[in-house]
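S.K.: A structural model of the following input is requested.
(4 chains)
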Number of protein chains: 2
Amino acid sequence: MIRTVMVVEDDDAIRMVLRTNLEDEGYRVLEASTAEQGLVIVQDEQPDVVLVDLRLPGIHGLDLVRSLRATSQVPIIIVTAQTDSHDVVAGLEAGADDYVTKPFVAKELMARIRTQLRRSSQPEESEEELVCGPIELHPDTAEVMRNGEPVPVSRIEFFVLAELIGAKGRVLSRDHLLRKVWGYGNAGDGRVVDNLIYRLRNKIEDDPANPELLLTVRGFGYRMKA
Amino acid sequence: MIRTVMVVEDDDAIRMVLRTNLEDEGYRVLEASTAEQGLVIVQDEQPDVVLVDLRLPGIHGLDLVRSLRATSQVPIIIVTAQTDSHDVVAGLEAGADDYVTKPFVAKELMARIRTQLRRSSQPEESEEELVCGPIELHPDTAEVMRNGEPVPVSRIEFFVLAELIGAKGRVLSRDHLLRKVWGYGNAGDGRVVDNLIYRLRNKIEDDPANPELLLTVRGFGYRMKA
DNA sequence: CCTACCTGCGACACACCTGCGACATACGCG
DNA sequence: CGCGTATGTCGCAGGTGTGTCGCAGGTAGG
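M.R.: Here you go, the predicted structure:
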């Protein structure tokens, strides 16, 4: 199961470092540079963890924490400069679940994220196997195996496949995939999903014209064979 | 499962656009042009999502949100001309689940509605079993099984069958089905339901000419065998 | 700077859906 | 029994959903 981490941080450099580290750990990353943006995206995407910088332009991170906590149970981790330690207490009281001070050690932050994820997720599904017939996904290495042989897939293809296999045979609408994989921006687009499915089939199906794994459900969307 | 969306909006033009779009998406639509009306109808009909304009004559939309939230868990989406982030935060803290600013992209609004529906419907895992004799509906995969064998049905056929089986043997009038499945738009049409029942029978009945599952109640409508 | 790949887009093709209309049949009622 | 209405039956044609594939701009890596 691919987890999504939301980063609300106005410093481009720090956001970049966070993104790199998080992606290395196999997370999907959403970004926002303001509290307003963050609020919307969290509502929209329901990430599994939110990282919040306290020093944000405009609305303060502390208010963002309160707003988030008002409508969501999502784990919130405050990421802040050490001088803000007074704010940290306020942040935790506002509803944050943990905090990390800058400059932080990436490994430590990753560990705290895992802790939050472990706490908020059902143990049964926490380390679910992404396997469907001859197809096997390894989130660690972002690799797709087919009958044990590695199949080269792009980043987006990997996430779509992960989402589909994670759904365990349930139908996923194009819209669901657009939101979960492409994310917040591309809401209005056309046939991107169809195209990607087509390309995925060419890579994982024996006979792409008669798919046996990645099935179409006309009028609803796509699903993996159970 | 047919979902109902409530629109509280005083501008006739915007309400019309919303209605059209929502019906295109397969929702049943309820309308109100004032907060008072909206409150009554929500309590009466218990829609699955409520869209609220903030600028309403008389009682302000924000107060409507609070009133709704006081007595209901229904997802609320604010639709507002206000781009001021302050109102947005106030709205979300008042209990709204999301917001869209005018002029909005219809597709985006529809997507957000789906997001809310998805969230609010996930906890209620206790979906009743959609089974009737040898027929079995799986909403997860949008599949209809007959004696364990999958039967290909179209989107509308699936919804009609779901509505009928969900009614557990009660008679459903053509008008009821039209409203629930097709939506208010096609209310004046002719024999669409009869046609669809005919086609459904050809797919699920052993002898479509002598139906044993999908029964006609002359003068009233159709019902499933108990 | 070059190259290979990714990715969104649009165009076309094809199968399927679906509303419609016309006719046939069944039912209820006098 | 005969009539009117409700429903069953079925083919047609336009619309819609999806598959397919080539193109071009973008991007990452060498």
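
S.K.: By mean pLDDT, point me to the weakest helix or strand of chain A.
M.R.: Least confident helix or strand of chain A, by mean pLDDT, DSSP states H and E, is helix A:123-126 with a mean of 39.

S.K.: Is there a neighbour count for A:Arg19? I'd like the number.
M.R.: 17 (other Cβ atoms under 10 Å in any protein chain shown). Quick note: C-beta positions are derived from backbone N, CA and C, even for glycine.

S.K.: Look up phi and psi at it.
M.R.: Main-chain dihedrals, A:Arg19, degrees, to the nearest 10: phi -60, psi -50.

S.K.: just A:Lys168 next, same as before
M.R.: The phi/psi pair for A:Lys168 (degrees, to the nearest 10) is phi 50, psi 50.

S.K.: right, and it touches A:Ala226 too?
M.R.: Yes. Counting by Cβ atoms under 8 Å, A:Lys168 does reach A:Ala226; the two are 7.4 Å apart.

S.K.: Only alpha carbons, please: show stretch A:137-157 as CSV.
M.R.: Extracted in CSV, the C-alpha atoms of stretch A:137-157 (Å, rounded to 0.1, in the frame of the first residue of the first chain):
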residue,chain,number,x,y,z
LEU,A,137,5.1,-4.8,-6.9
HIS,A,138,8.0,-3.8,-4.7
PRO,A,139,7.4,-0.4,-3.3
ASP,A,140,10.9,-0.4,-1.8
THR,A,141,12.6,-0.4,-5.2
ALA,A,142,9.6,0.9,-7.3
GLU,A,143,10.0,-2.2,-9.4
VAL,A,144,7.3,-4.3,-11.1
MET,A,145,7.9,-8.0,-11.6
ARG,A,146,6.1,-10.2,-14.0
ASN,A,147,6.7,-13.9,-13.6
GLY,A,148,9.8,-12.9,-11.7
GLU,A,149,11.1,-10.8,-14.5
PRO,A,150,11.4,-7.1,-14.0
VAL,A,151,9.1,-4.9,-16.2
PRO,A,152,10.2,-1.3,-16.8
VAL,A,153,7.3,1.0,-15.9
SER,A,154,7.3,4.7,-15.4
ARG,A,155,6.6,6.4,-12.1
ILE,A,156,2.9,7.1,-12.9
GLU,A,157,2.4,3.6,-14.2
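
S.K.: Briefly note if it comes near DNA strand C.
M.R.: Yes. Interface with DNA strand C: stretch A:137-157 contributes A:152-157 (Cβ under 7 Å from any atom of the strand).

S.K.: With stretch A:203-214 instead?
M.R.: No. Taking Cβ under 7 Å from any atom of the strand as the criterion, stretch A:203-214 and DNA strand C are apart, separated by no less than 9.3 Å.

S.K.: Now do the residue of chain A found nearest chain B, the pLDDT please.
M.R.: Chain B sits closest to A:Gly219 of chain A, with a gap of 3.2 Å, by Cβ to the nearest Cβ. At A:Gly219, the predicted lDDT confidence score is 91.

S.K.: Then A:Arg55?
M.R.: Looking at A:Arg55, its pLDDT is 81.

S.K.: Next up, phi/psi of it, please.
M.R.: With angles defined as degrees, to the nearest 10, A:Arg55 sits at phi -90, psi 90.

S.K.: Would you mind measuring from the nearest residue to A:Ala226 once chain neighbours are set aside to DNA strand C?
M.R.: Of all residues not flanking A:Ala226 in the chain, A:Gly169 sits nearest, at 3.9 Å (Cβ to Cβ, 6 or more residues apart in numbering or on different chains). In this view, A:Gly169 and DNA strand C are 20 Å apart by Cβ to the nearest atom of the strand, to the nearest Å.

S.K.: Quick check, A:Gly169 in contact with B:Ala142.
M.R.: No. With contacts counted by Cβ under 8 Å, A:Gly169 stays clear of B:Ala142, the gap being 11.0 Å.
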